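K.L.:
Okay, sequence plus prediction incoming.
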Amino acid sequence: MTGAQPNRLPTGGRVDRSRPLGFRFDGNALQGFAGDTLASALIANDVQLVGRSFKLRRPRGIVGSGAEEPNAILQIGEGATAQPNLRATQVPLRDGLVARTTRGWPGVRFDVGAINDTFGRLLGAGFYYKTFMYPRAWWKLYEHAIRRSAGFGAAPTAPDPDCYEHMNAHCDVLVAGGGPAGLMAALTAAKSGARVILADEQNEFGGGLLACTDQVDGAPAAEWVAAVVDELGDCADCTLLPRSTVFGYHDHNFLTIAERCRDHPDGSADAFSATNRPAAGDDSTAGRQHDPRNGRTAKGPDDHPDSGAAAGHHQDTVQPVKERLWRIRARQVVLAQGSFERPLVFCNNDRPGVMLASAVSTWINRYAVLPGRRAVVFTNNDSAYRAALDLTEAGAEVAAVVDSRRGGAGELGRKALDLGIPVLQGHVVSDVAGRQRVSGASIARWAGDGWATVKPTMRIDCDLVVMSGGYSPAVHLHSQAGGQLDWDESQLGFLPAKSVQANVSAGAGNGKSSLAECLADGVRAGAETVSKLGLEPSPIEAPAAGNIDENPIEALWRVPAVRDADRCPKQFIDFQNDTSVADIKLAVREGYRNVEHVKRYTALGFGTDQGKLGNINGMAVLADILGKSIPEVGTTTFRPAYTPVSFGVGAGESVGELYEPVRKTAIHEWHEAAGAPMEVVGQWHRPWYFPRDGEDMHAAVARECLAVRNSVGIMDASTLGKIDAAGPDVVEFLERIYTHDVGLMKVGRCAYGIMLGEDGMLMDDGVMARRGEHRFYLTTTTGGAANVLDWLEKWLQTEWPELQVYLTSLTEHYSTIAVAGPHSRRVLDKLGCDIALDNESFPFMRMKPATLAGIPVTLFRVSFSGELAYEINIENSLALAMWEKLMDAGREFEITPYGTETMHVLRAEKGYVIVGQDTDGSVTPVDLGMNRLLSNEKDFLGKRSLRRPDCLREDRKQLVGLLSSDARTVLPEGTQLIDEAGSLARGHRRAKRPAWRGSQLGHRSREPIPMCGHVTSSYQSACLGHPIALALVAGGQSRKGATIHAALPGRDPLPVEIVAPVFYDAGGQRQHV
Amino acid sequence: MKRYSALSLVRNALDYNRSWQTAWRSPEPKKSYDAIIVGGGGHGLATAYYLARDHGIRNVAVLEKGWIGGGNTGRNTTIVRSNYLWTEAALLYEKSMQLWEGLSQELNFNVMFSQRGVYNLGHSLQDMRDIERRVNANRLNGIDAEVVSTADLKRAIPSLNTSPDARYPILGASLQRRAGVARHDAVAWGFARAADALGVDIIEQCEVTGIDVRGGKAVGVETTRGPIASDRIGVVVAGHASALARMADLRLPIESHPLQAFVSEPIRPVLDTVVMSGAVHGYISQSDKGELVIGAGIDAYNGYGQRGSFPVIEHTLQAIIELFPAFSRVRMLRLWGGIVDVCPDACPIVSKTPVDGLYFNCGWGTGGFKSTPGSGWVFARTMAHDEPHELNAPFSLERFTTGALIDEHGAAAVAH
């Protein structure tokens, strides 16, 4: 079996040799085992070269084994289900997986871009700020070339067929990280009775224990992990979330977790390239069983390894959720995310085959793959000796352990010597040979002087260089939460210090190095958090684990080379972005000395690993160059996401058809059946017009308009906002909101009301009616409904809490049918109404409860068309029936349904404004000629602002009507108006192809042409037989009869006459009949 | 100042890059200056530069409490455009646009101003009316603008969802071809280097803790590095403008809100222009490195913490996927927040104040980056002549009492 996997060890590891999985890498068919990551499978197949660096395009191999990996950034999958930029170290292998390298042209092996490396000296930090400037017009060309090499993987080109979801949860204790400390913290908290969520980014809990050869409580570490996970599963209220990365720690102990539901060998994420994305999301909530043993599993094919392919055949199969965002509000948080091993910074330390020591141990112990046959181990601390022992154990030769410390290592060092591993103390690896794969290491004696040069004393042939520069606790979440960091000089790392939110850190992430310490620290953290919750900590003892005697780490931030740091081969700090020691020196030389400036100038930590691998080294080197201490230099800001999360999981269900609900009226189906195209108005779909056979919009609207003016029309006005306002202080409240004298309204009266912002500008309008002494019925515009309710509530709740008023939105409860036209009364009469409808009994601007065709309704005698009209308010469930009855009753009058467009024309003929179309937040009621609506008797919101000097200017833009001089041209809405036609330069008149087109740099600005207003509404009026327009024109109300000009793009200016904004039935008789 | 050029790169490479000059000095603050700029962001550095270049005032200090360009200059989504609705705003932003065109050469620092066009999408009939109105106004104001159809959009931006079946179908867009993006950090550094070369002292790690006002006149500032005297003080501190104003007993009509943005991991080029949608609320471009740069909405609450709330990010991601359904599998790498200073009319204050010799430049809200050179240019002029230039005269502090507001809520990328 392992024949195809030359680097696979015959025994050991957590891979299932009975389950081979085939995958493709850059087109080559390879094989791994269940339990592998893509990275371990690649190493098993002796794949060294996995990428090219960003700037210098240097060949790169796998360095780390987890979230810190900067090089193995691959494109996984194909087509619509491809995922760019996944780290091979974090991709669980599955059958049929397709992976591609993402850098290098034509390929990763031979890359033309590698010429950048040859000229690397020209491409130092920030070189691009210093060139590509001349000649100016060429920047476009330069940039075009630069962009060609942008990015790693590629976005799919088709919409994502997968589903994502959001999930809210509360817990007493959230434990981030399921290694030794996290497991013990979770166990302690759960046993103490706390509600616990334990999240870990890997497939299996255990963290570093999965790659560990130590014993815990007398059992192999992995067995101990399994027992603890079982125990946690048996706890009453403990949720286990494997494959779940806590990526954000926000304010108020709110944390976000991305769970990869199908990201395991059986998940077959890509096999479900379902073409049948369910329109209504998925119903996986039904499948949220919580399997206490293996963590949660998603419903459906997930549970069946082989059902992936089958899913495509069952079109109605529920599609499993791909990823789930957990939004967690935790009372306490334990951060146990472990630590990241640091590389050492020596010449050519980026060559494929240079690996972190922890990664090497992981490959061997967890995945049973051997990354090299002959290794040199380079370290400044004891931990790397483990890798040397593991390598030897696995059958590789360790040519030497090169330890920069003259004192060497403790117990592990003695073990190495016992195994006959040569140990060179007080030595460094000064350079590495080999380009696409390590072939040897140069070793030099070193006396401890930071910036000295050294002379190599030997060269050792090897195919693997193992490095360890010590460990940096993963303080990301602690820092995201606002916590402080302390530099620990003995451990050489930033440790979590004071927290500002309810969190504690534990384990390696809290600076504990040995397994025994981590286990004990987990117990401590768990007990500490439950005590804060007021629970009695369960008396749990940390399990026994060997504590070995170690010698302290010694700082070695930059390894001396044969030449000084400016001239020696590159010593990389940020691998992905090719930031080297020389780059940081250059940045400092040029004055970029703040750590944030250095980051931004050199791109240190800008990569997809966000500096997990290199940042601390970079800051230490910077500190060294500046002659400052590392804490003085400080860190850059830690921000979410801890590791990248897909846009899809962040968006959740609310995409596609669920992006925002489409609101439809109760009569919507009828409109659709009648063939009405819909206009999108806010969240609503409203019928736009009702075309008859072969009619275009123009013809349909003309017919609808004439029907209303001459007979009767019917419109669905249900989308208007409707608010019930009631309470003992409702009059006082509405007096302050509306501009008219609300208190003078008698019960049963309607009024047109407007409300202003504090700036005095018109905000919303609508008819309001007094239903009782202490009850009003308010209507708002369709688009403004929610805002108005918010606005009213804001004043009630924050400014005038002493007023007793209750507001209830009725928009979704009642439908409104407008019946408008001279025959509207006859239609209602014909239906049978229990109240008298004649003008005397039920005059204009009244409301009455009534029974129409036996159905209880509220009738409003109001009009937005200027015709005799009624609005029927009716419960939603009865609205469609009422509409149909009205259609029947109106047949003899050729009752005509009309849509929003006709409504707009009719109201424009009457000069009624539409808020948001004829106003734009800069228009006062005075500008609109609504002075009579402004009460002198009381104060109201915005009144004071109306007295500001600018609001009293006579040349403010005011609402007027416009008539085109040619009586033919319907002015496009949005047309700007100018006083003098002559001011319009020829250039603008001929502006179909403006001067700047073609050459943007050729843009020559002209003197601005003063504008005196613009067209807000414009229509062909069917009943008048000519176009009409409404406009806002400077000083317009006093300029009636004057001629100004419409600046029509690409045409000569068209003279237009300013007229009153009421074009039809100026006396208003028609609505009073 | 030694000039940057391709040749200088070669020359320095021969010397292993050991002879590059420092971009700006780190001088000790002097006891007094002819002018003090509080705030070392793009606007403040630009102000200092134009004071020195155009008005002969070179004895200038820029006081920065942290590191230059560390506020909103280094936190924005780098969009530059001038297609504002109202003449007052349009002309001010257009002045800025004209300075952007040629800024790299002017500063001898490549700010990578890339005129790749900005599309503002319309999703409703009213959006389209507003677009027509704005485009017509822009053209009369001498600013390039055009209305493009959905078919044009489909051709120009293949990844954009132009389907009529979208939740909010795209009906068209305005396009300003001269608009685009620039490298934000480089703008601060470029102005700093050029101002430094003209003699301006850029003093980092120097927080202003008080403004000395005597007899209605500004006479200096208290700082963490001691008092510094000057009778001409310009405050350009964005989100903290109100806090600085309080030091001189002034109140500004400004609210400070968190505004977030985020980048994706670098991906192959997939979007070569800037797309903004007010209606579904997202704006997006792709950097030269390959990251999708995405602006999120503003948080409703007030605050000075440079972090926002996650639901805003969720909404933005939903909007981006609505516009670009194929980006769903791209991953968010890093999100951050800045503090925007918002005026009631979504327009800035570039103004004298009731205190003689004290000037404020603030309230740029979500639109500060694009205005960087123009803002500095008019503010320098205002400080030098103790009188606003005609371009910024409408943006006075008095407008909030006179009522002469310039309501640009419609033109702002982010609903205020």
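P.N.:
Thanks, I have it.

K.L.:
quick one, helices of the stretch 201-350 of chain B?
P.N.:
Ranges of helices in the stretch 201-350 of chain B, per DSSP state H, counting those that start in this stretch, are B:241-247, B:310-323.

K.L.:
now for those helices, which one comes closest to chain A?
P.N.:
Minimum separation from chain A across the helices of the stretch 201-350 of chain B (C-beta to the nearest C-beta) falls at helix B:310-323, 4.1 Å. C-betas here are computed from N, CA, C, even on glycine.

K.L.:
That closest one and chain A in contact?
P.N.:
Yes. Contact of helix B:310-323 with chain A (C-beta under 8 Å from any C-beta of the partner chain) involves B:310, B:313, B:314, B:317, B:318, B:320, B:321, B:322.

K.L.:
what residues are up against the residue nearest in space to the middle of chain B?
P.N.:
Centroid-nearest residue in chain B, with C-alpha atoms, centre = their mean: residue B:369, separated by 1.4 Å. With contacts defined as C-beta atoms under 8 Å, 6 or more residues apart in numbering or on different chains, residue B:369 is in contact with B:42, B:72, B:73, B:76, B:77, B:78, B:79, B:80, B:182, B:184, B:187.

K.L.:
And the residues you listed, which is closest to residue A:1007?
P.N.:
Using C-beta to C-beta, residue B:80 comes nearest to residue A:1007 of those, at 23.0 Å.

K.L.:
Next, count neighbours for that closest one.
P.N.:
Residue B:80 has 28 neighbouring residues, counting by other C-beta atoms under 10 Å in any protein chain shown.

K.L.:
That one touches residue B:182, doesn't it?
P.N.:
Yes. In terms of C-beta atoms under 8 Å, residue B:80 counts as a neighbour of residue B:182; the distance is 5.6 Å.

K.L.:
overlap in contacts of those two?
P.N.:
With C-beta under 8 Å, 6+ apart as the test, residue B:80 and residue B:182 both reach B:100, B:113, B:369.

K.L.:
So which of the residues you listed are in strands?
P.N.:
Residues of the shared contacts of residue B:80 and residue B:182 located in strands (DSSP state E): none.

K.L.:
how about the nearest residue to residue A:419 once chain neighbours are set aside, phi and psi?
P.N.:
Leaving aside its sequence neighbours, residue A:419 sits nearest to residue A:392 (C-beta to C-beta, 6 or more residues apart in numbering or on different chains; 5.2 Å). Per-residue torsions, residue A:392: phi -60, psi -50 (degrees, to the nearest 10).

K.L.:
how deep is residue A:392 tucked in, by neighbour count?
P.N.:
17.

K.L.:
For chain A, what is the nearest residue in the stretch 251-400 of chain B?
P.N.:
Closest point on the stretch 251-400 of chain B to chain A, by C-beta to the nearest C-beta, is residue B:290, at 2.9 Å.

K.L.:
Double-check that residue against residue A:153; I have them as touching.
P.N.:
No. Between residue B:290 and residue A:153 there is no contact, the gap being 9.4 Å when judged by C-beta under 8 Å.

K.L.:
Which one of the two is surrounded by more residues?
P.N.:
residue A:153 (27 against 24).

K.L.:
and the more buried one, that one's in a strand?
P.N.:
No. Residue A:153: not assigned to a strand; according to DSSP: H, G, I helix; E, B strand; the rest coil it is coil.

K.L.:
ok, it touching residue A:74?
P.N.:
Yes. Using C-beta under 8 Å, residue A:153 is in contact with residue A:74, at 7.1 Å.

K.L.:
any shared contact partners between those two?
P.N.:
Contacts common to residue A:153 and residue A:74, judged by C-beta under 8 Å, 6+ apart, are A:85, A:86, A:100, A:102.

K.L.:
who's in contact with the helix or strand hosting the second one?
P.N.:
Going back to what we said before, that points to residue A:86. Using DSSP states H and E, the element containing residue A:86 is strand A:83-87. Strand A:83-87 is contacted by residues A:38-39, A:67, A:69, A:72-77, A:102, A:151-155, A:608, A:644, A:646, B:265-268, B:329-331 when judged by C-beta under 8 Å, 6+ apart.

K.L.:
What about those, which are in strands?
P.N.:
Using DSSP E, the contacts of strand A:83-87 in strands are A:73, A:74, A:75, A:76, A:646, B:331.

K.L.:
ok so, going back, need the helices of the stretch 201-350 of chain B in CSV with distance to residue A:350 and mean pLDDT, can you?
P.N.:
Converted to CSV, these look like this (distance: least, C-beta to C-beta, whole Å; pLDDT from 0 to 100):
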stretch, distance to residue A:350, mean pLDDT
helix B:241-247, 46, 97
helix B:310-323, 34, 97
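
K.L.:
Mind checking those helices for the one nearest to residue A:683?
P.N.:
Residue A:683 sits nearest to helix B:310-323 of all the helices of the stretch 201-350 of chain B, at 13.5 Å, using C-beta to C-beta.

K.L.:
before we move on, back to that, okay, the residue nearest to residue A:419 and residue A:508: tell me how far apart.
P.N.:
Here residue A:392 is placed at a distance of 25 Å from residue A:508 (C-beta to C-beta, to the nearest Å).

K.L.:
shaky segments in the stretch 251-400 of chain A?
P.N.:
A:264-318 (pLDDT under 70).

K.L.:
That one against chain B: which residues are in contact?
P.N.:
A:251, A:254, A:256, A:325, A:327.

K.L.:
ok, now with 10 Å
P.N.:
Selection of the stretch 251-400 of chain A residues close to chain B by C-beta under 10 Å from any C-beta of the partner chain yields A:251, A:252, A:254, A:255, A:256, A:258, A:322, A:323, A:325, A:327.

K.L.:
got the contact list for the fourth one?
P.N.:
Residue A:255 sits next to A:169, A:171, A:174, A:176, A:197, A:199, A:246-249, A:326-330, A:333, A:477, A:480-481, A:501, A:503, A:640, B:310 when contact means C-beta atoms under 10 Å, 6 or more residues apart in numbering or on different chains.

K.L.:
go on, the last one?
P.N.:
If a contact means C-beta under 10 Å, 6+ apart, then residue A:327 has A:166-170, A:248, A:250, A:254-257, A:652, B:310-311, B:314 as its contacts.

K.L.:
change it to 6 Å
P.N.:
A:168, A:256 (C-beta atoms under 6 Å, 6 or more residues apart in numbering or on different chains).

K.L.:
check which helix or strand covers it.
P.N.:
Counting by DSSP H and E, residue A:327 is found in strand A:321-335.

K.L.:
Any buried residues in that strand, and which?
P.N.:
A:321-328, A:330-335 (16 or more other C-beta atoms under 10 Å in any protein chain shown).

K.L.:
Would you reformat the shared contacts of residue B:80 and residue B:182 as TSV and include pLDDT?
P.N.:
Shown next, in TSV, are the shared contacts of residue B:80 and residue B:182 (pLDDT from 0 to 100):
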residue	pLDDT
B:100	98
B:113	97
B:369	97
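
K.L.:
Please flag which of those sit within helices.
P.N.:
Among those, the members falling in helices are residue B:100 (criterion: DSSP state H).

K.L.:
The residue nearest to residue A:176 when sequence neighbours are not counted: how many residues sit nearby?
P.N.:
Nearest residue to residue A:176, sequence neighbours excluded (C-beta to C-beta, 6+ apart): residue A:246, at 4.0 Å. For residue A:246, the neighbour count with other C-beta under 10 Å is 31.

K.L.:
Name all residues that make contact with residue B:291.
P.N.:
By C-beta under 6 Å, 6+ apart, residue B:291 lies in contact with B:263, B:264, B:266.
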